[in-house]
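# build me a model from this:
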Amino acid sequence: MAEKVIKKKYALVTGGSRGIGSAVCKQLAQDSEYHILINYNSNENAAKATLQEVEQAGGQGTIIKFNVTDSESVKSSLDAWAEVNKNAVIEVIINNAGITKDGMFMWMQPDDWHNVINTSLNGFFNVTNHLIQKLLVNRYGRIVNMVSVSGLKGNPGQVNYSAAKGAVIAATKALSAEVAKRNITVNAVAPGFIKSDMTADLDEKELKKMIPANRFGEAEEVAQLVSFLVSKKASYITGEVININGGIYS
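Numbering: from 1, shown residues only. You can find the predicted model right below:
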């Protein structure tokens, strides 16, 4: 009788080298037995620093380079990785990669529109579509899409970002209904103002007056929510958009 091959389980975090993505990698290393796949596009040093922190947290990690906006880059990188790691299975996908190109809509340049849409929305498609069949065959999976309060309430100066994140929210709800019977959950996490590279230029002192909690959130707080959604404890939660914004919007 052939010996059953034990698959090594992985969690892929896109845009995992910095900010919320990096915090998620570290939290999953602490809370789970997943080997963390840390995706980055350009900042290899930041990815290596995150890998070091994953290992310091007692976890295992690997950095993997691809641009989520480029479907061929996604496919070739993940296929090359899978070829080397034949006993591996990606059970968790955290679609975290995203960019902002803020500006009033009347002056928005086409590139600023397309680049933001391509990263958040098409990035979600390119990565998840390439991996979803294996999750379905495996009959288990966790997909968490990082969205934003901007995708729920709309934010002036962020028509492109609001459009991208709003679309991912709708996709989250639709995909969750398609795959739930195979024990795959699909949820979205919608942060408000979180301390990160993306919010570094904002006037925190002024903006926190709008926030009932009277502060910006920490990336680690978002990461703890993601870690819960990835766990077996959250197996009956799917198709949800969970706000983490200090009460600014719900």
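# would you map the strands across the chain?
Shown for the chain, the strands assigned by DSSP state E span residues 8-13, 35-40, 61-65, 88-95, 141-146, 184-191, 241-244.
# partner strands of the fourth one and their direction?
So the one you mean is strand 88-95. strand 8-13 (parallel), strand 141-146 (parallel) (DSSP bridges).
# which residues does the last one contact?
Spelled out, that is strand 141-146. 20-21, 91-96, 98, 124, 128, 135, 168-169, 171-172, 175, 179, 182-189, 191, 226, 229-230, 234 (CB atoms under 8 Å, 6 or more residues apart in numbering). Heads up, the C-betas are built off the backbone N, CA and C, glycines and all.
# okay, it in PDB with CA atoms only?
Listed next in PDB are the C-alpha coordinates belonging to strand 141-146 (Å, rounded to 0.1, in the frame of the first residue of the first chain):
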ATOM      1  CA  GLY A 141      -9.100  27.000   1.900                       C
ATOM      2  CA  ARG A 142      -9.100  30.500   3.400                       C
ATOM      3  CA  ILE A 143      -9.100  33.600   1.200                       C
ATOM      4  CA  VAL A 144      -8.900  37.000   2.900                       C
ATOM      5  CA  ASN A 145      -9.000  40.200   0.800                       C
ATOM      6  CA  MET A 146      -7.700  43.400   2.200                       C
END
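# just put the strands paired with strand 88-95 in TSV and tack on distance to residue 115, mean neighbour count and mean pLDDT.
Listed next are the strands paired with strand 88-95 as TSV, based on distance: least, CB to CB, whole Å; neighbours: other CB atoms under 10 Å; pLDDT from 0 to 100:
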stretch	distance to residue 115	mean neighbour count	mean pLDDT
strand 8-13	21	22	97
strand 141-146	17	25	98
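# need the ones you listed in a markdown table (columns: distance to residue 31).
Output for these, formatted as a markdown table (distance: least, CB to CB, whole Å):
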| stretch | distance to residue 31 |
| --- | --- |
| strand 8-13 | 11 |
| strand 141-146 | 13 |
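# select, out of those strands, the one closest to residue 55.
strand 8-13 (14.9 Å; CB to CB).
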